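Participant: structure, please.
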Amino acid sequence: MEHILSAAEQILRNSGAPALRLSALLDELVATTGARALDAARLRALLEGRPDRFRILDPWRGPWRFVGRDAEASSAEPWVVVVRDLGDGAGAPGRSGTLRMVRESVRWLGLHVDARSPRRVMRWEGLVLEGTAAARALRSAA
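Facilitator: As a prediction, this is how the structure comes out:
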């Protein structure tokens, strides 16, 4: 399983985003490692078993998770944040210093947000989405 965890770290480092949805990370892992037997529940268990390397932020954890929400909606998915420093991100093309700073700031906040507070996790999720939109705008302006 170590090769899956290492591949997950590499994908998160090179993604250009401060965090990825669990399903997006799973899709990338299956594509790069060929681990077709890996499903979302097993991947989540692997990642949660290594809090020194990954953090799972789930804004819908709790009894309210499926109240009024489609269980398949992407907004109900947890986010995965890599704990270790992302370095220079050489694998992500066209990343400017501003994009790196935004990405690292949002990633750092994800490591320190109170995961027990749905409101705080959802605010952080808003930062992730805004950071992604800003990165797209900066790339298109360049």
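Participant: residues of the helix or strand hosting Leu46 that come out buried?
Facilitator: Leu46 belongs to helix 40-48 when assigned by DSSP states H and E. For helix 40-48, burial by neighbour count (16 or more other C-beta atoms under 10 Å) applies to Leu43, Arg44, Leu46, Leu47. Heads up, the C-betas are built off the backbone N, CA and C, glycines and all.
Participant: and the longest helix along the chain, what's buried?
Facilitator: Assignment by DSSP state H gives helix 118-141 as the longest helix of the chain. Residues of helix 118-141 classed as buried: Pro118, Arg120, Val121, Trp124, Glu125, Leu127, Val128, Gly131, Thr132, Ala135 (neighbour count, 16+ other C-beta under 10 Å).
Participant: which strands or helices does that helix pack on?
Facilitator: Here helix 118-141 is seen to pack against strand 54-57, helix 97-112 when contacts are counted using 3 or more C-beta pairs under 8 Å, 6 or more residues apart in numbering; DSSP states H and E.
Participant: how about the ones you listed in JSON lines, adding distance to Ser15, mean neighbour count and mean pLDDT?
Facilitator: Shown next, in JSON lines, are the helices and strands packed on helix 118-141 (distance: least, C-beta to C-beta, whole Å; neighbours: other C-beta atoms under 10 Å; pLDDT from 0 to 100):
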{"stretch": "strand 54-57", "distance to Ser15": "13", "mean neighbour count": "20", "mean pLDDT": "95"}
{"stretch": "helix 97-112", "distance to Ser15": "9", "mean neighbour count": "16", "mean pLDDT": "89"}
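Participant: so which of these gets nearest Arg36?
Facilitator: strand 54-57 (21.4 Å; C-beta to C-beta).
Participant: only C-alpha atoms, please: export the closest one in CSV.
Facilitator: Provided in CSV are the C-alpha atoms of strand 54-57 (Å, rounded to 0.1, in the frame of the first residue of the first chain):
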residue,chain,number,x,y,z
PHE,A,54,-2.7,13.3,4.6
ARG,A,55,-5.7,15.1,6.0
ILE,A,56,-9.2,14.4,5.0
LEU,A,57,-11.6,17.3,5.3
